[in-house]
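>>> Mind folding the following:
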Amino acid sequence: MITEGQQLEMFLTAKQEQMIERYVKNNQMDFERAKNDAEQKNKFLTENGFVEGIHFKNTFKFEKNVTETTILGGRWYDVEEFEAEVTITQFQGGVFLLHDVVELEDGERKIVKKDTYFSITRDNKIECSTIVGSYRAVKPSTLLSKINDMFSAAKEQLGSLIVKDLNFNLAISQLKHEFPTAVSVEKRNEWIRTNNFKNSYTKDVIVVMFENGSYIQYDLDYKGEKRIFKIYDAEEIKMTSEQKVERLVKRIG
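Numbering: from 1, shown residues only. You can find the predicted model right below:
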């Protein structure tokens, strides 16, 4: 009995067969390159004091002799697009450095490990812009120190952010009591535009919003004390200069 795969092979042209051979050959070359890269990096990091699971992770895995159907040829080749069964080595992953950052997960701040690409230079240095901050290659010991420093910085940042969150939650509770008619009292990240765009920044504020569109923004100092950051009076914006003068005269009259 002739299988579907055998039936396909019976009708392949010479050019199609060449393309399949080239595809399989390129896959093997890519696999060997990825495998050697993972082995080299794993060995290099381990020999220089990096600990797997703490400073780096190795996710490289492969499976040989996997048969799959793929599409080859097409408009950029001298062969019309066709479908073929190929037997190749499937592989994925690699070796990546780990560094610690603070993230918000399910409403809770925590330290998580992020992976990042790196390369080893000919003079046995490591290039990793994510951790170093530039494309300058550094000694393994220097990079290891930077990873450890990032962990310490993440712990300090986590503690600071937890206190900040508590301060904001307390301030929001106080403002809800102070402004019972407000339609919302919530924390927002406000974009602060300056004359120089490069110096513009974002800032956490509490926005007390009222039904007519007016709002008051508060920010907190490092002690958690509230202070008014911005006031927007929707009614005043609509007033003419004459109406503003009239209102002022009434207030001081």
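
>>> can you pull out the strands in the stretch 151-253 of the chain?
Taking DSSP state E, counting those that start in this stretch as the criterion, the stretch 151-253 of the chain contains strands spanning 184-192, 201-209, 215-220, 226-232.

>>> Describe which strands the last one pairs with in its sheet and in which direction.
Strands flanking strand 226-232 in the sheet, each with its direction: strand 215-220 (antiparallel) (DSSP bridges).

>>> burial measure for the nearest residue to residue 232 once chain neighbours are set aside, as a count.
Leaving aside its chain neighbours, residue 232 sits nearest to residue 215 (5.1 Å; criterion: Cβ to Cβ, 6 or more residues apart in numbering). For every residue, glycine as well, the C-beta is placed using N, CA and C. Using other Cβ atoms under 10 Å, residue 215 has 18 neighbouring residues.

>>> what's the answer for residue 197, then?
Count around residue 197 with other Cβ under 10 Å applied: 7.

>>> got the angle for the host helix or strand of residue 142 vs strand 215-220?
Secondary-structure element containing residue 142, defined by DSSP states H and E: helix 140-178. With axes from the mean of the first three to the mean of the last three Cα atoms, to 10 degrees as the basis, helix 140-178 and strand 215-220 are set at 130 degrees to each other.

>>> got a list of what the nearest residue to residue 127 once chain neighbours are set aside touches?
Leaving aside its sequence neighbours, residue 127 sits nearest to residue 137 (Cβ to Cβ, 6+ apart; 4.4 Å). Shown here is residue 137, whose contacts under the criterion Cβ atoms under 8 Å, 6 or more residues apart in numbering are 121, 123, 125, 126, 127.

>>> and the first one, what does it touch?
Residues in contact with residue 121 (Cβ under 8 Å, 6+ apart) are 127, 137.

>>> hmm, back to that, wait, the residue nearest to residue 232 touches residue 229, no?
No. Contact status for residue 215 versus residue 229: not in contact, 10.8 Å apart, counting by Cβ atoms under 8 Å.

>>> what's the most buried one of the strands of the stretch 151-253 of the chain?
The densest packing among those, expressed as mean neighbour count by mean count of other Cβ atoms under 10 Å, is seen in strand 215-220 with a mean of 19.

>>> Quick check: which ranges of the stretch 1-150 of the chain have low pLDDT?
Regions of the stretch 1-150 of the chain meeting the criterion pLDDT under 70 cover residues 1-10.

>>> How about residues contacting the helix or strand containing residue 113?
Counting by DSSP H and E, the element that carries residue 113 is strand 108-116. Defining contact as Cβ under 8 Å, 6+ apart, one finds that strand 108-116 is touched by 57, 96-103, 105, 128, 130-131, 151, 154-155, 158, 161-162, 165.

>>> Just the buried residues from those residues, in ChimeraX please.
Selecting just the buried residues from the contacts of strand 108-116 in ChimeraX takes one command, with 16 or more other Cβ atoms under 10 Å as the test:
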select :57,96,97,98,99,100,102,128,131,151,154,158,165
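
>>> before we move on, the earlier item: and the strand holding residue 113, which residues are buried?
If you call a residue buried by 16+ other Cβ under 10 Å, then strand 108-116 has these buried ones: 109, 113.

>>> Tell me what angle it forms with helix 140-178.
Calculated by the same axes, to 10 degrees, strand 108-116 forms an angle of 150 degrees with helix 140-178.

>>> Downstream of strand 108-116, the next helix or strand is which one?
Using DSSP H and E, the helix or strand that follows strand 108-116 in sequence is strand 119-120.

>>> packing partners for that next one?
The elements that strand 119-120 packs onto, with contact taken as 3 or more Cβ pairs under 8 Å, 6 or more residues apart in numbering; DSSP states H and E, are helix 14-47, strand 126-127.

>>> beta partners of the residue nearest to the spatial centre of the chain?
Of all residues in the chain, the one closest to the mean position by Cα atoms, centre = their mean is residue 114, 8.7 Å from it. Bridge pairing for residue 114 (DSSP bridges) gives the partners residue 99.
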